[in-house]
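Asks: Fold the following for me, if possible:
(one chain, ligands or ions: 1)
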Amino acid sequence: MAISVLVGIQWGDEGKGKIIDVLTESAELVVRFQGGNNAGHTVEIGDKKFVLHLIPSGIFRDGALCVIGNGVVVDPIVLVGEIKNLRSQGFDIIPEKLQISTRTHLIMPYHREMDAMREAALSDSDKIGTTKRGIGPAYADKAYRTGIRALEMNDLPRFEKSFRKQLEIYNAIFKANSMEELDADTEWAKLKEVAEFLAPFVKDTVLTVNRAAKAGKKILFEGAQGMWLDVDYGTYPFVTSSNTTTGGACTGSGLSPKYIEEVVGVMKAYTTRVGEGPFPTELECEMGEAIRKAGNEFGATTGRPRRCGWFDAVSSGYSCMINGVDELAITKVDVLDGLEEVKICVAYEVDGRKVYDMPSDTEDIKKAVPVYESMPGWKESTCDCRSFEELPVNAQKYLRRIADLVDARIGIVSVGPNRDQTFYVDSRN
Ligand code: IMP
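Replies: Got it, this is the predicted structure:
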């Protein structure tokens, strides 16, 4: 690994945390570049399970410095909780191991309230199903140019002034909507405490990242969510509010695109989606339920059951193109063990027309009827396989077929939640 970007190819929850953890074995710098604590990256080490929402997964590697880039939105209360929790489990989370960009926008308590208020106001068919973590309103304030950045935590009087000013505006909106107003003094007391705690972690990480790149260090950019939740390319408006795609690694960290050497796309051997929005291969039947159960498909952040369906080569192929995926990490292959047949969506039918590329209009995606190709499944368990050759022949054929369809090569395969249930394929063998 040199300078790599890892992104989710589907609707998030592809198992990125685990792949990042494996890849960070050799990384010297691990960078989060978008999203916030709407993400939940699960890493299982031995019999311990860790769920990270804001801190990059590289934190479990001694040699790696972790950076929360400017493209992330940070809820400082949540971040302090996460740091304290890891410390209590013996991990040394200190400013020498974790940096927060001076330019990172902060999620304030009023953003969380606003997120909930906006969702509640939408009709059932318009609801986005957000994580209610205040992500959208925080990015909106950034675009409105009324956001508060991490650097203000180094200047408490300035931070307090900005916070009280913004809260006044938000409280007026809450009042007009018959919602409870937030008490400025109570909220400020909490914020002051976390700002004092976090201030030593706040650095100009544009320098950190660019100096590391220039020095030839191994850097991993850790994407959160997935391509179809990207605010520009996803199934708008049923998306998150950041750029989850490869380009976001540069704007969200300050690294020049010329340094990016490799893009790893993570996708499940099937498809899931959490929250609202179109999902052409969704299985609202026993098979969907069976996949949810076998794959333990419940959100790491909100605990919501994930919607499950067959692998969709139309959306994943488009996604690999936008992200410029060199190498695929295919996860949760074991979840399909024991099935008689496995299906792959190779086209959509929209208004009687066959479509091979993902439509830009979400209304067309809503209407899309998947056209499936069927392949024989495999009876054997893949959980103990440690090389591509050890996989059942039908599993090998299935993986080759989906890689072919999305036009990328298989680099990594994962057959279970543990660190050791992962193996490299081909060039990495
Ligand atoms: P928000 O990011 O909380 O605003 O939510 C917007 C949409 O993105 C909702 O459909 C969420 O369910 C979805 N979403 C946000 N973060 C994740 C994630 O980490 N995994 C999967 N879906 C996510």
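Asks: from here on, contacts and neighbour counts on C-alpha atoms
Replies: Noted.
Asks: ok, and what's touching the helix ranked longest in the chain?
Replies: As assigned by DSSP state H, the longest helix anywhere in the chain is helix 156-176. With C-alpha atoms under 8 Å, 6 or more residues apart in numbering as the test, helix 156-176 has contacts from 110, 146, 148, 152-153, 180-182, 184, 188, 192, 195.
Asks: and if you look at stretch 371-389?
Replies: The contact list for stretch 371-389, computed with C-alpha under 8 Å, 6+ apart, reads 333-334, 336-349, 391-396, 398, 413, 415-416, 421-425.
Asks: Counting only strands, which of these make the cut?
Replies: Secondary structure from DSSP state E places 341-349, 413, 422-424 of these in strands.
Asks: just to revisit the earlier point, which ones among the contacts of helix 156-176 are found in helices?
Replies: Checked against DSSP H, the contacts of helix 156-176 include these in helices: 110, 184, 188, 192, 195.
Asks: Count the neighbours of the residue nearest to the last one when sequence neighbours are not counted for me.
Replies: Read it as Ala195. Leaving aside its chain neighbours, Ala195 sits nearest to Met153 (5.0 Å; criterion: C-alpha to C-alpha, 6 or more residues apart in numbering). Using other C-alpha atoms under 10 Å, the number of residues around Met153 comes to 25.
Asks: cool, Ala215 as well?
Replies: Here the number of neighbours of Ala215 (other C-alpha under 10 Å) works out to 9.
Asks: Please apply the same query to Glu341.
Replies: Count around Glu341 with other C-alpha under 10 Å applied: 13.
Asks: what do you get for the one 10 residues further on?
Replies: For Asp351, the tally of surrounding residues (other C-alpha under 10 Å) stands at 11.
Asks: residue ranges of the helices in the protein, please?
Replies: Under DSSP H, the chain gives helices at 16-23, 76-88, 109-121, 135-144, 156-176, 184-198, 205-214, 247-251, 286-294, 313-323, 362-367, 393-406.
Asks: closest to the ligand out of the ones you listed?
Replies: With C-alpha to the nearest ligand atom as the criterion, the ligand lies closest to helix 135-144 of those, at 5.0 Å.
Asks: Which helix or strand in the protein has the lowest average pLDDT?
Replies: Among the helices and strands of the chain, strand 41-45 carries the lowest confidence by mean pLDDT, DSSP states H and E, at a mean of 82.
Asks: Whether that strand contacts the ligand - can you check?
Replies: No - remark: strand 41-45 sits outside contact range of the ligand, by C-alpha under 6 Å from any ligand atom, the gap being at least 7.7 Å.
Asks: Across the sheet, point out what pairs with the spatially closest residue to Glu289 that is not a sequence neighbour.
Replies: Using C-alpha to C-alpha, 6+ apart and skipping the chain neighbours, the partner closest in space to Glu289 is Cys308 (7.5 Å). Taking DSSP bridges as the rule, Cys308 bridges to Thr272.
Asks: Go ahead and confirm Cys308 touches Thr271.
Replies: Yes - counting by C-alpha atoms under 8 Å, Cys308 does reach Thr271; the two are 5.9 Å apart.
Asks: Return every residue with contacts to both of those two.
Replies: With contacts taken as C-alpha under 8 Å, 6+ apart, the residues that reach both Cys308 and Thr271 are Glu282.
Asks: Quickly run through the sheet partners of the least confident helix or strand of the chain, with directions.
Replies: Strand pairing (DSSP bridges) places strand 41-45 next to strand 48-52 (antiparallel).
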